[in-house]
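**Student:** Prediction below, plus the sequence it came from.
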2 protein chains.
Amino acid sequence: MRASDAAYTALQEEILEGSLPPGTVLGEVEQSQRLGVSRTPVREAFSRLVAAGLAVQHPRRGTVVTDISLEDVDRLFEVRIPLESQAASLAAQRGSAEVFTALAEEFDAAQLAPDAESHYRLAARMDQEIDAAVGNPYLSTMLSGLRVHLARVRRLAKDRPDRLARSAAEHRDICLGIASGDPQMAEAATRLHLRRSLGYISQQRQQLSEPEPAT
Amino acid sequence: MRASDAAYTALQEEILEGSLPPGTVLGEVEQSQRLGVSRTPVREAFSRLVAAGLAVQHPRRGTVVTDISLEDVDRLFEVRIPLESQAASLAAQRGSAEVFTALAEEFDAAQLAPDAESHYRLAARMDQEIDAAVGNPYLSTMLSGLRVHLARVRRLAKDRPDRLARSAAEHRDICLGIASGDPQMAEAATRLHLRRSLGYISQQRQQLSEPEPAT
DNA sequence: CATACCCCCAGTGTATACACAGAGGAGGCG
DNA sequence: CGCCTCCTCTGTGTATACACTGGGGGTATG
């Protein structure tokens, strides 16, 4: 394992997890001491964080962790919706029906016992299969760049069990669309899912601005 | 100007221009001597080239300039079409009519005197205005990442004057769609333009595989 | 007392030195 | 004569030293 990779992985992890909250200034010497590597790999890790959009470099002030605001969610989905729609459409044209039929059944099962962690793990596997089916490195690269930010968005929204169950059902529909080899169905199911996801997050945004109801 | 930026700019320029053809192995020491900077900024430049997709790093062989094949064009357009369509649609909703009306007139004028360089410069300005109108950093970042590769594609296709004139007309239609504030018109015009661009390139691909006719 | 200038320092940008790993060639052994 | 092994060399990965720039604070002067 290269030290620069280790540094990047550690920093990305901490940013996504939240232990390095937005606004944190990352000094090269500070992080190199903390991570136990030299400044050189830390510099490289910083560059990659900036390239990924997780940090910005202020000319003489160091690199600071970027903020992921609720307004960014809209911007993110403006890119995500067309890209994932296209991916689903292409996967329907190129993917193998068996793989996605199996995935659909897994989502069906998951629908009954909603669990956040296993749900996201299954969704990640679906994304992976779609990427593989599409076979477009450019698209895969962009989507993976997007998913980093979506992981941060996830921290903004609480996962209620009913939403997880619906999400699983929507994922199942996407898989069914792909498995049936119908690009338009796959795309429509994807658009539906993403609009609903966005709607759910937006709804929570409303609730966040209001005072919290008695729990 | 930082040395690392200078190194990256120089290398990117040379790769896009073709003086560093695909397959070239870039050694750190070699490039640092040639560019007159140390290995450290060269390393950073290499990282950025890899992130941009212009080079890949072979474990112990150095970083080599990637190839841009004609098959890649299809993959590229599979991403480009949905992204630019979305951008045009959003620009129609958010952009100012004056800016794009003016651009449409410029394209109209350019249609009469087709010139490759000025055409691409004008098209770049349009892209810039769309980016500004959309105001979505995620979308802009992805599009700019794509445009680097599209610049390489441009070298694969010869610009015939009649194609340039048609392209100008298609750009004009996109601008008119945006200026009229009609997202669907803007998107349709964009899709039309991109399908035609792709068709033109594919057509040239056919001709490239055939023996060249007498000039 | 306020403001402007200067000095100091923190931190990054760059250069260079050192370590390590893999590949290729040459030599020895079977 | 062929194959295996070891050595060397090239090139990357990492560490550290040095230079420069921008900012902040302190002091002096108006």
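**Tutor:** Thanks, I have it. Residues are numbered from 1 along each chain as shown, chains lettered A, B, ... in the order given.
**Student:** Please point out which parts of the top helix by length along chain A sit buried.
**Tutor:** Counting by DSSP state H, the longest helix found in chain A is helix A:183-209. Within helix A:183-209, the residues scored as buried using 16 or more other C-beta atoms under 10 Å in any protein chain shown are A:183, A:185-191, A:193-194, A:197-198, A:200-201. Using the backbone N, CA and C atoms, a C-beta is placed for each residue, glycine as well.
**Student:** residues near the residue of chain A found nearest chain B, how many?
**Tutor:** Nearest to chain B in chain A, going by C-beta to the nearest C-beta, is A:Pro82, at a distance of 3.9 Å. Residues within reach of A:Pro82, counting by other C-beta atoms under 10 Å in any protein chain shown, total 23.
**Student:** swap in A:Ile81?
**Tutor:** By other C-beta under 10 Å, neighbour count at A:Ile81 equals 19.
**Student:** count of neighbours near A:Arg172?
**Tutor:** Look at A:Arg172: counted by other C-beta under 10 Å, it has 23 neighbours.
**Student:** A:Leu11 now?
**Tutor:** 24.
**Student:** thinking again about what came up before, now the residue of chain A closest to chain B: closest residue in space that isn't a chain neighbour?
**Tutor:** Counting by C-beta to C-beta, 6 or more residues apart in numbering or on different chains, A:Pro82 lies nearest to B:Pro82, which is 3.9 Å off, once chain neighbours are set aside.
**Student:** Break chain A into its domains for me.
**Tutor:** Using automatic domain parsing, the domain parsing of chain A gives A:3-65, A:70-209.
**Student:** okay, these, which one's buried deepest?
**Tutor:** domain A:70-209 (a mean of 18; mean count of other C-beta atoms under 10 Å in any protein chain shown).
**Student:** Just the mean pLDDT for that domain, thanks.
**Tutor:** For domain A:70-209, the mean per-residue pLDDT is 94.
**Student:** Quickly note the distance from A:Val73 to DNA strand C.
**Tutor:** Distance, A:Val73 to DNA strand C, by C-beta to the nearest atom of the strand, to the nearest Å: 30 Å.
**Student:** Pull the contacting residues for that residue.
**Tutor:** By C-beta atoms under 8 Å, 6 or more residues apart in numbering or on different chains, A:Val73 lies in contact with A:Val153, A:Leu156, A:Leu198, A:Ile201, A:Ser202, A:Arg205.
**Student:** Is it within a helix or a strand, and which one?
**Tutor:** Per DSSP states H and E, A:Val73 falls inside helix A:70-94.
**Student:** So what's the gap between that helix and the chain middle?
**Tutor:** Offset of helix A:70-94 from its chain centre (C-alpha atoms, centre = their mean, to the nearest Å): 11 Å.
**Student:** for stretch A:68-83, same thing?
**Tutor:** Offset of stretch A:68-83 from its chain centre (C-alpha atoms, centre = their mean): 11 Å.
**Student:** what are the ranges of the helices in chain A?
**Tutor:** So, for chain A - with DSSP H - the helices run A:3-17, A:28-35, A:39-52, A:70-94, A:97-112, A:116-134, A:137-154, A:161-179, A:183-209.
**Student:** Next, the angle helix A:28-35 makes with the third one.
**Tutor:** The one in question is helix A:39-52. With axes from the mean of the first three to the mean of the last three C-alpha atoms, to 10 degrees applied, the angle from helix A:39-52 to helix A:28-35 works out at 100 degrees.
**Student:** before we move on, the earlier item: nearest to DNA strand C among the buried residues of helix A:183-209?
**Tutor:** Nearest to DNA strand C among the buried residues of helix A:183-209: A:Ile201, at 33.7 Å, using C-beta to the nearest atom of the strand.
**Student:** Quick one: name the residues of chain A near DNA strand D.
**Tutor:** Residues of chain A found near DNA strand D (C-beta under 7 Å from any atom of the strand) are A:Arg2, A:Ala3, A:Ser4, A:Val37, A:Ser38, A:Arg39, A:Thr40, A:Pro41, A:Glu44, A:Pro59, A:Arg60.
**Student:** Near DNA strand C, list only the ones from those residues.
**Tutor:** A:Arg39, A:Thr40, A:Arg60.
**Student:** Could you show which parts of chain A are in contact with chain B?
**Tutor:** A:40, A:43-44, A:47-48, A:51, A:53, A:72, A:75-76, A:78-79, A:81-83, A:85-86, A:90, A:134, A:136-139, A:141-142, A:145-146, A:149 (C-beta under 8 Å from any C-beta of the partner chain).
**Student:** quick one on the thing from earlier: which helices and strands sit right next to the longest helix of chain A?
**Tutor:** Helix A:183-209 sits against helix A:70-94, helix A:161-179, with contacts defined as 3 or more C-beta pairs under 8 Å, 6 or more residues apart in numbering or on different chains; DSSP states H and E.
**Student:** The ones you listed into TSV, with extra columns for distance to B:Thr24?
**Tutor:** What follows is those, written out as TSV (distance: least, C-beta to C-beta, whole Å):
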stretch	distance to B:Thr24
helix A:70-94	31
helix A:161-179	39
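**Student:** I'm done for today, thanks for sticking with me.
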